Structures are given as structure tokens and as C-alpha cells.
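K.L.:
Need coordinates for the below:
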Amino acid sequence: MALRFGTDGVRGVANVELTPEAALALGRAAARVLHGGRFIIGRDTRRSGPMLEAALAAGLASEGASVLLCGVVPTPGVAWMAAQDGSAGAVISGSHNPFTDNGIKLFAPGGLKLGDDLETAIETEWHAATSDRLAGDHVGTIVTDTSLVDRYEDWLVDSVAGRLDGLRVVLDTAHGAATRIAPEVFRRLGATVRVLHDAPNGMNINDGAGALYPAVLAGAVVAEGADAGLAFDGDADRLIAVDALGRVVDGDHLMAICALDRHTSGGLVGNTVVVTVMTNLGFRKAMTERAISVVETAVGDRYVLEALDRGGYTFGGEQSGHIIFRDLATTGDGILSGLQVLDVMTRSGRSLDDLAAAAMTQLPQVLINVKVAHVAPDIATRIASEITEAEKRLGEEGRVLVRASGTEPLIRVMVEAPTEAEATSVADSLVAAALRACGAPR
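P.N.:
Here you go, the predicted model:
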């Protein structure tokens, strides 16, 4: 089956599903649809990264594009670079997936996420049989320039007006794209930094480390007596934090902290925050209490970004830690988000645990990833009666979400309720319904 765009680019097992041949063809298609020009390519630390980078660059150049390779860099770094001069961009990364997987994320000229229309056009061109070739001086160029990464680092440092002197921070870079740049940024701003999981070998990215595995970070923060811990995923476009007591502070709490800070300072444009359907009901209640409007989108930071631009808003994100400061960047940026949160701590003189507790109260949330025989994109329709019954049971004090994953062969069941026991009970009933509808895996 041909590879397709998911909620965050194209992903597959490297050299099995996402092959060099597929990457080359995707490069040709992207150059054709985005009309050549200049493409900036970055990658994370996976072993398969250079292989796919070479193939993608070759495909782009074969269609006349000028390709600039900047090496290992966070995904938002490529978006920032592209925004500086109107270039298009591409990132070779499997994000939070295991090292055996990889992916290709594309940015339209100006560092913007692709809309559905562009993705459809690229897919059509990608899987079409094309034989015409450019020749001679029409062939594009491929050059390497890692100095752009240094410029991105300088911009991150300049993104906050103050300093972080006196703060003790533990960073978990997940052996990924933030390994070199993140510690430098926080140290340049005066923070005392300890770094975990900063020795990438091509195979250990996200391996029990980073934003998906904050337990080790939590232990290190407590042991070090640090003020906060910041964990990034493999391509560093998301952030999960840990407070001084070792408690995880997820994307909902981080967004609440920053939204309230911007609301107080008058920097929350439209007095509105854009979130996805996964954001906790406690966040929505907290915003309502402060007369802050909440706009809801489907899961995926690209949809958050589209809603931000459509409404002229400047702040939003996801529970998973993709947080978008649209007045500062064109996409979610884990390092930038960490800087903004620590800046709030410094300016307010308050601890992260104090800020998080004051910002919102999280309702118990149960999330179950259901492995099924056949993933049904219309799963919510197939089990509509069961979902309706669950919503009646919870009333206004809870919430239900059932959806097919856009990146993995799973059905995701999420339930929020006043108690964890009630959330678990309702979730179990919906898991059973999903298995009936899609079949149990063999």
C-alpha cells in the first residue's frame, strides 16, 4: 500500500515502508507542487536519517530545486529557517516513534505546515508515473550549511527579554535533535543545567527517554534539587515539564500557565486559546472562569495552527506538549516553550508547581490505545450508540472521545470523569465496543 500523509507528515519503518526510493519520489513531487525554489532539510539523530536525507535531497534537486542541508536540528528550527527567507522545508524525523521508524515532514514556503490541498496535490504527484527529467543547468544544487543552526540558537536566546539566572534546570533531550542546541540555549541565558540522555548513537532516540518517559527526569529533578525539568521528544517540537516535587506538568498545564500570563499582560490576542479535542475538561473550565475563550480543533498541531491563523489568534497547542506561540514561530517548538515557561517563573517569582496548581485543576483522564485487527477511520460513527450512552452517563461533568490514530494502527479511547474509577469503567465499555467493531488483533 502506498504511503500517505498522516497528521504529521509521512511515517513508516525506515527502509521497509519509508524507503530511499519513496523519499526520492516524494522529493520530486514536493518540488513540482511547491514549484522548485529553495528547500532547507534538517533531520534528527536516527541511523536512517542520512540515508533518507540523501534520497529526498536528490529528488528535490532532480526537479531543479536548490537544497540546503543543515544537519541535525529540531523540527521547529527548520520551520524557523524557512520562515526567514520564504524557503520551503523538510525534516527527516520519526518524532516520538522508535528509532526503527522514520518520517518526512514538509513545510510550505515560509515555514508553514502543509494544508490538506497541498498534501493531496503532493500525494497525487508522488504516486503518479513521471518520466520527464530535467538536464544540464536545470538540475538543482545540494549544499551543506550548518551555520543556520547557530542562527536558530541565537533567535531562541533572544526570544525572551529577561534572564534565567539562578534557575536550576534538568533537560532530557531524548538522544534526539535537541541534544546539542537545548543545553547551550539555557546555559547562555544563565540557568544551571544538567542534561540527561544526550549521547545519540543512531539507535537510542526516544528509548525510555524524553517527553514520553518523564519518570527518569522526575527522579533527577528531585535528586538535584532543581527548580524544573524539561523533556523534549526526538525532534524537539513538543515539551513536557516536571516541577521541583517531581510531578509531571503536561501540555494542558503549560498552556494554562502561559495563557494566564498573556491574559494578564494583555498579550493574549482575541482573549482566545486554540486547543484540540484531547485537551482536558479542567483546562476548559479554568479558561471559562477567567473569561478566556477556547477554540477546539481536531488532534494535530497543524489544525491548531490553521485555527490560529484563521482567527488571527496567537496562542494554542496540544496536551501532548506541542505549544504554538504564533507571534513568535510558525509551529510548535519544545525549546521555545520551555523558555517561555521558565520566563514566567522568573518574572513572577513563583515555582512551577505553584503556577501549575493555580492555573487549572485536571480532571481524571483515562486514555487507552486499543490494538485492533482493522483500523476504522469512522470508528466514532460505528459505535455512536455506545458513545451516546457513555455521554449520558457522565453528563456535563465528563467527556468522551473515540478516534482512530493518525500515526499508528490504533483506536484511541479517552474518557474524563469526576473520578478515575468512573472514567476507567466508561473507557472499558468503549474499548469493548471498539473491539467488536474492528476486531481483536491476531
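
K.L.:
hey, let's count contacts and neighbours off CA atoms from now on
P.N.:
OK.

K.L.:
All the helices of the stretch 51-200 of the chain, in order from the start?
P.N.:
Under the criterion DSSP state H, counting those that start in this stretch, the stretch 51-200 of the chain contains helices at 75-85, 116-126, 147-158, 181-188.

K.L.:
which stretch in those helices has the least confidence?
P.N.:
Least confidently modelled of the helices of the stretch 51-200 of the chain is helix 116-126, at a mean of 93 by mean pLDDT.

K.L.:
Going by neighbour count, list what's buried in it.
P.N.:
119, 122-123, 125-126 (16 or more other Cα atoms under 10 Å).

K.L.:
Over to stretch 394-408?
P.N.:
394, 398-406.

K.L.:
which one of the residues you listed is nearest residue 155?
P.N.:
residue 406 (32.2 Å; Cα to Cα).

K.L.:
Hmm, that closest one is touching residue 7, no?
P.N.:
Yes - applying Cα atoms under 8 Å, one finds residue 406 in contact with residue 7, separated by 5.4 Å.

K.L.:
thinking again about what came up before, tell me the one among the buried residues of stretch 394-408 nearest to residue 140.
P.N.:
Out of the buried residues of stretch 394-408, the member with the shortest distance to residue 140 (by Cα to Cα) is residue 406, at 33.6 Å.

K.L.:
Would you confirm that the closest one belongs to a strand?
P.N.:
No - Residue 406 is assigned coil when assessed by DSSP: H, G, I helix; E, B strand; the rest coil, not a strand.

K.L.:
Next, the residues that contact the biggest helix by length in the chain from outside, please.
P.N.:
Longest helix of the chain, by residue count under DSSP state H: helix 420-438. Residues from elsewhere that reach helix 420-438 (Cα atoms under 8 Å, 6 or more residues apart in numbering): 364-368, 370, 372-376, 379, 382-383, 386-387, 390, 411, 413-417.

K.L.:
Any quick PyMOL command for the buried ones out of those residues?
P.N.:
A single PyMOL command selects the buried members of the contacts of helix 420-438 (16+ other Cα under 10 Å):
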select buried, resi 364+365+366+367+368+370+372+375+376+379+382+383+386+387+390+411+413+414+415+416+417
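
K.L.:
For the stretch 101-250 of the chain, give me the ranges with low pLDDT.
P.N.:
The stretch 101-250 of the chain contains residues with pLDDT under 70 at 129.

K.L.:
how far away is residue 222 from residue 245?
P.N.:
According to Cα to Cα, to the nearest Å, residue 222 and residue 245 sit 6 Å apart.

K.L.:
quick one: which of the buried residues of stretch 394-408 sit in helices?
P.N.:
residue 394.
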